[in-house]
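Undergrad: Predicted model and sequence below, questions to follow.
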Amino acid sequence: MSIVEHWINGEIASGTSARTGPVYNPAVGEVAREVRLASTADVDTAVQAAKAAFADWSAASWSKRQQVMFAFREILNSRKAEVAALLTNEHGKVTSDALGEVARGLEVVEFATAIPHLAKGEYSENVSTGVDVYSIKQAIGVVGIISPFNFPAMVPLWFFPIAIAAGNTVVLKPSEKDPSASLWMAAALKEAGLPDGVFNVVNGDKESVDALLEHPDVASISFVGSTPIAKYIYETASRNGKRVQALGGAKNHMLVLPDADLDLVADSAINAGFGSAGERCMAISVVIAVEPVADELISKIQDRMSGLTVGDGLRNCDMGPLITKEHRDKVASYIDVATADGATVVVDGRGIQVDGEAGGFWLGPTLIDRVPLDSRVYTEEIFGPVLSIVRVATYEEGLAIINASRYGNGTAIFTNDGGAARRFQREVQVGMVGINVPIPVPVGYFSFGGWKDSLFGDAKAYGQAAVNFFTREKGITSRWLDPSHGGINLGFPQN
Ligand code: NAD
């Protein structure tokens, strides 16, 4: 069986570890290949390669780094079908969704091509007589990136294009569940002219993550994953003196006001609840219906659900499998929890007809009404195709529920009342807000990140926030003496 290895110093490397883990094709339910699980020593080898490459790469001209990004963009764009095929094979998402993932990642590459402009400093002439002050942004060193299974291409692309364009060198630890896209991108970066050692991929599990968090030559950590791990990453990396951004889990609510267009709401709830089998951190998992619309809305959602097809992402289906058997079983177990807690299971996705192999990790779209707020179905992130309905009497009641959530990644309001929408955007305690838009993922030139337990640290991903995260600013005060300006003065210059 083939093994997905590491990528260190511009080439495939097996490292010293004999440990491997399984990589499944979730639509078939069988192990497709193995992935190497790095030792602490292997992580050190990658960090040393990145450290050695840093001196030259950080000193390369802005235009040189920009040109590599342009070349990488062309390769990724022209061969995105190859990446999409890897995503479908290892993650299970359907081809159209896999292509969409690459497209969202490409936005960040395109943004990074503007790095000479984005990382410009400021200049003030004559702040005091003959004295100028200016600022420059410099790379921070070797940056570590640790990514989750649900976006094997896009999440690494949220970070490394900007990190590299800004002059840093990278060690990426992808999810061990679907590692191949990262290796593909490593080879593409080399083809684009990136010097060896600037971008490295180390595959692994907790051992490699901990090695990155503790390595003295790693300047920063960018993490995306579940909330408990994000918190651990944030605390450990901070304790080790690193700059850290750790994006965590989510439980996203869609608030539906009585004046909303219920057909638009039903379409949006389906797209945002069941796209990518609900394995998106911006998926809608709770619809809060302000009465009296719940019954009508549920009937519209149910109608649409009956037309959804589930199966192998290579076929013409709407939704693929879940990532592993354990994850599928865990997600499915919430349906029993819902019944036990007194909720109404409107559509049960277990045992659905699929267009795929019997052994695939299938669970059909599931709809649960009247979910109690103290049920684990409501309080926990499910990360699968399970959509909950909560009924409320007023806007205020719905808003209070959203604001009481420990998570604050994304939310949406559906209404035709501009005043209500405007009030919601101000009052809601969530980092990304949609107004009649169910998945408000900001485009590449804004920044992505939630509030509360959905983001530890104060730095969002991509956009200008990332340029700041991956650079440090130096302030320079300079005086080129006019010969007439000599003399002793022990005070601060004042004019
Ligand atoms: P995860 O937390 O299990 O894994 C994320 C990364 O952490 C992986 O690389 C994994 O190898 C590593 N890891 C896992 N356990 C670890 C441990 N004990 N110690 C150190 N490292 C460990 O997350 P996942 O299941 O791969 O991804 C799904 C989660 O990611 C969901 O909670 C989802 O909401 C979240 N997510 C959040 C965002 C966001 O932007 N906020 C985006 C995508 C996914």
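TA: Nice, thanks for sending it over.

Undergrad: longest helix in the chain, by residue count?
TA: Looking across the chain with DSSP state H, the single longest helix is helix 40-59.

Undergrad: And that helix, what does it pack against?
TA: Under the contact criterion of 3 or more CB pairs under 8 Å, 6 or more residues apart in numbering; DSSP states H and E, helix 40-59 touches strand 6-8, strand 131-139, strand 142-146, strand 169-173, strand 199-201, helix 206-214. All C-beta spots, glycine's among them, are computed from the backbone N, C-alpha and C.

Undergrad: any idea of the angle that helix forms with helix 206-214?
TA: 40 degrees (axes from the mean of the first three to the mean of the last three CA atoms, to 10 degrees).

Undergrad: neighbouring contacts of helix 40-59?
TA: Applying CB atoms under 8 Å, 6 or more residues apart in numbering, the external contacts of helix 40-59 come out as 6, 8-9, 13, 15-17, 38, 65, 138-139, 141-142, 164, 167-171, 195-198, 200-202, 204, 207-208, 210-212, 215, 217-218.

Undergrad: 7 Å instead, please
TA: 6, 8-9, 15-17, 139, 141-142, 167, 169-171, 195-198, 200, 202, 207-208, 211-212, 215, 217-218 (CB atoms under 7 Å, 6 or more residues apart in numbering).

Undergrad: average model confidence for that helix?
TA: Here the mean pLDDT over helix 40-59 is 98, rounded to a whole number.

Undergrad: mind listing what's buried in that helix?
TA: With burial defined by 16 or more other CB atoms under 10 Å, the residues of helix 40-59 counted as buried are 40, 42-51, 53-54, 57-58.

Undergrad: next structured bit after it?
TA: helix 62-78 (DSSP states H and E).

Undergrad: Can you name every helix or strand that that following helix contacts?
TA: For helix 62-78, the contact count by 3 or more CB pairs under 7 Å, 6 or more residues apart in numbering; DSSP states H and E identifies helix 95-112, helix 115-118, helix 154-165, helix 180-191 as packing neighbours.

Undergrad: just those helices: most buried one?
TA: Between these, the one whose residues have the most neighbours on average, counting mean count of other CB atoms under 10 Å, is helix 154-165 (a mean of 28).

Undergrad: For the stretch 101-250 of the chain, what lies in contact range of the ligand?
TA: Contact residues, the stretch 101-250 of the chain versus the ligand (CB under 6 Å from any ligand atom): 146-151, 155, 173, 175-176, 205-206, 209, 224-226, 229, 247-250.

Undergrad: out of those residues, which are buried?
TA: Buried residues within those, counting neighbours by 16+ other CB under 10 Å: 146-151, 155, 173, 175-176, 209, 224-225, 229, 247-250.

Undergrad: In strands only, show me the residues you listed.
TA: Using DSSP state E, the members of those that fall in strands are 146, 173, 224, 247.

Undergrad: quick one on the thing from earlier: tabulate the helices and strands packed on helix 62-78 (TSV), appending mean pLDDT.
TA: As requested, the helices and strands packed on helix 62-78 are exported to TSV (pLDDT from 0 to 100):
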stretch	mean pLDDT
helix 95-112	98
helix 115-118	98
helix 154-165	98
helix 180-191	98
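
Undergrad: can these go into CSV with extra columns for distance to residue 388?
TA: Below are these laid out as CSV (distance: least, CB to CB, whole Å):
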stretch, distance to residue 388
helix 95-112, 22
helix 115-118, 40
helix 154-165, 25
helix 180-191, 31
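
Undergrad: These: which one's closest to residue 472?
TA: With CB to CB as the measure, helix 154-165 is the member of those nearest residue 472 (12.9 Å).

Undergrad: Return the list of helices and strands in contact with that closest one.
TA: With contacts taken as 3+ CB pairs under 7 Å, 6+ apart, helix 154-165 sits against helix 62-78, helix 95-112, strand 142-146, strand 169-173, helix 463-469.

Undergrad: Now do that helix against strand 131-139, angle only.
TA: In terms of direction (the same axes, to 10 degrees), helix 154-165 departs from strand 131-139 by 140 degrees.

Undergrad: give me the residue from the stretch 151-300 of the chain nearest the ligand.
TA: residue 225 (2.7 Å; CB to the nearest ligand atom).

Undergrad: Excluding chain neighbours, what is closest to the most centrally placed residue in the chain?
TA: Centre of the chain computed as the mean C-alpha position; nearest residue by CA atoms, centre = their mean is residue 155, 4.3 Å away. Distances taken as CB to CB, 6 or more residues apart in numbering place residue 147 nearest to residue 155, at 4.4 Å, with adjacent residues excluded.

Undergrad: pLDDT value on the one you found, please?
TA: For residue 147, the model assigns a pLDDT of 98.

Undergrad: Quick one: residues contacting it.
TA: Contacts of residue 147 (CB under 7 Å, 6+ apart): 155, 156, 174, 175, 224.

Undergrad: how much space is there between residue 447 and residue 374?
TA: With distances taken as CB to CB, to the nearest Å, residue 447 is found 34 Å from residue 374.

Undergrad: What parts of the stretch 351-495 of the chain come near the ligand?
TA: With CB under 6 Å from any ligand atom as the criterion, the stretch 351-495 of the chain comes near the ligand at residues 381, 383, 409, 450, 454.

Undergrad: Mind picking the two most distant members of those?
TA: The distance between the two most remote of these (CB to CB) is 14.9 Å, for 383 and 450.

Undergrad: shaky segments in the chain?
TA: Judged against pLDDT under 70, the low-scoring parts of the chain cover residues 485-486, 495.

Undergrad: Domain map for it?
TA: Listed by automatic domain parsing, the domain ranges of the chain are 3-248+454-476, 252-435.

Undergrad: What residues of stretch 24-34 count as buried?
TA: When burial is assessed from 16+ other CB under 10 Å, stretch 24-34 yields the following buried residues: 24, 25, 26, 27, 28, 29, 32, 33, 34.

Undergrad: Which stretches in the stretch 301-450 of the chain count as helices?
TA: Shown for the stretch 301-450 of the chain, the helices assigned by DSSP state H, counting those that start in this stretch span residues 325-340, 376-379, 395-404, 418-427.

Undergrad: Buried deepest among the ones you listed, which one?
TA: Among the helices of the stretch 301-450 of the chain, ranked by average contacts under mean count of other CB under 10 Å, first place goes to helix 376-379 (a mean of 19).
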